[in-house]
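> Structure for this input, please:
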Amino acid sequence: MKCPYCKHEIANDWLYCGNCGINIKKENQAKKIIQSGLEFEHQFEYTKASNEYKKALELGVPDKEILELLEKVTRKEQAIINWMEKGKEFLSSREWKEAIRAYENVLKLKPVDGYVKTNLLLAKRNLARSHKRIGIRITVIVIIIGIGTFGWYSYTQTPKQVAQKTLKQGVLSQDLLAKQYAIEALGGLKDKRFFPLLKDALKDKNPAIRTTTAKALGEFGDSAAIPFLKESLFDKEWQVRYAAAQSLALMGDTSGIQLLKQALKR
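Residues are numbered from 1 along each chain as shown. Predicted coordinates:
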């Protein structure tokens, strides 16, 4: 047979290698432990892999491979800890892009981590929402500028008529995204003149529009919207019901608690 360390030919009953002096039994034990560590590493169980490599070292076998494996897995462990801490900090400070990068780096090292995947999804959703809010602000600014510019050159229509016409066109648009932006813009403007437009949009056949409108009415903040939001608690789409419940809570309404309970049972 050959020595498991130096590969020198030795007798089957030798306890030590006559060439390198290694303890044959311990060397074989070390090889088995290393294999166990490699299996843990392939399963992304770096702590368990590290413990196995340390066990192999405790046997006193002078194997450079064990040290290299232990160093590699230790680096991975520390990298995961560092990126996890950064991800948590970035989530707390609402730095969504940095949080996404941190958790994606964790998943490169440990792709089976459900906790990290959940936080990554949360960061991505919040980033998308922040982009959407920026888009809404830009849309509102464009609408206001457009109204002002058009009103400046308009001799037959009052600013009120121009505003109503511009926003109504957005709400009545066939383009889903444009319609949603117009509805969200109306909610942010909080102008009671446009409440009828939002009330009608709450009955739109598209559930995405109904959901957007329910959210917009919460930001609109007019108590006249409460009865209509309560009706939406029984919408067939859960997204609409959820948005209506959020808006009612935002407006401080507590009279519909029983309705909320009934809606949640659906």
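> For Val73, list the residues it contacts.
By CB atoms under 8 Å, 6 or more residues apart in numbering, the contact list for Val73 reads 37, 41, 46, 49-50, 53. In this view, the C-beta of every residue, glycine as well, is placed from N, C-alpha and C.
> What about these, which one has the most neighbours?
Across those, neighbour numbers were computed from other CB atoms under 10 Å; Tyr53 holds the maximum, 28 neighbours.
> For the nearest residue to that one once chain neighbours are set aside, grab the count of nearby residues.
Nearest non-adjacent residue to Tyr53, counting by CB to CB, 6 or more residues apart in numbering: Leu70, 4.1 Å away. Neighbour count for Leu70, taken as other CB under 10 Å: 20.
> tell me the contacts of Leu70?
Leu70 neighbours (CB under 8 Å, 6+ apart): 50, 53-54, 57.
> for Arg75, same thing?
By CB under 8 Å, 6+ apart, Arg75 has no neighbours at all.
> cool, Ile34 as well?
So Ile34 contacts 52-53, 56, 63, 65-66, 69 (CB under 8 Å, 6+ apart).
> min pLDDT across these, which one?
The lowest pLDDT within these belongs to Asp63, with 68.
> tell me which element the residue nearest to Tyr53 is part of?
Taking DSSP states H and E as the criterion, Leu70 maps to helix 64-92.
> now the contacts of Leu70 in a markdown table, with secondary structure?
What follows is the contacts of Leu70, written out as a markdown table (DSSP: H, G, I helix; E, B strand; the rest coil):
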| residue | secondary structure |
| --- | --- |
| Ser50 | helix |
| Tyr53 | helix |
| Lys54 | helix |
| Leu57 | helix |
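> nearest to Gly188, of those residues?
Closest approach between the contacts of Leu70 and Gly188, by CB to CB: Ser50, at 53.1 Å.
> which ones are touching that closest one?
Ser50 is in contact with 37, 70, 73-74, 77, counting by CB under 8 Å, 6+ apart.
> go on, Phe44?
Phe44 neighbours (CB under 8 Å, 6+ apart): 109-113.
> so where's this structure uncertain?
For the chain, applying pLDDT under 70 flags the ranges 1-27, 60-63, 130-170, 254-266.
> any chance you could map the helices in it?
24-42, 46-58, 64-92, 96-109, 114-153, 159-171, 176-189, 195-201, 207-220, 226-232, 238-250, 257-264 (DSSP state H).
> Give me whichever of those is most buried.
helix 207-220 (a mean of 23; mean count of other CB atoms under 10 Å).
> Tell me what angle that one forms with helix 176-189.
Calculated by axes from the mean of the first three to the mean of the last three CA atoms, to 10 degrees, helix 207-220 forms an angle of 10 degrees with helix 176-189.
> would you put the C-alpha positions of helix 207-220 in PDB?
In PDB, the C-alpha atoms belonging to helix 207-220 read as follows (Å, rounded to 0.1, in the frame of the first residue of the first chain):
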ATOM      1  CA  PRO A 207     -58.200  45.600 -10.100                       C
ATOM      2  CA  ALA A 208     -54.800  47.400 -10.400                       C
ATOM      3  CA  ILE A 209     -56.700  50.700 -10.900                       C
ATOM      4  CA  ARG A 210     -59.000  50.000  -8.000                       C
ATOM      5  CA  THR A 211     -56.100  49.200  -5.700                       C
ATOM      6  CA  THR A 212     -54.200  52.400  -6.800                       C
ATOM      7  CA  THR A 213     -57.400  54.400  -6.200                       C
ATOM      8  CA  ALA A 214     -58.000  52.900  -2.700                       C
ATOM      9  CA  LYS A 215     -54.400  53.900  -1.800                       C
ATOM     10  CA  ALA A 216     -54.800  57.400  -3.300                       C
ATOM     11  CA  LEU A 217     -58.000  58.000  -1.400                       C
ATOM     12  CA  GLY A 218     -56.100  57.300   1.900                       C
ATOM     13  CA  GLU A 219     -53.600  60.000   1.000                       C
ATOM     14  CA  PHE A 220     -56.400  62.200  -0.200                       C
END
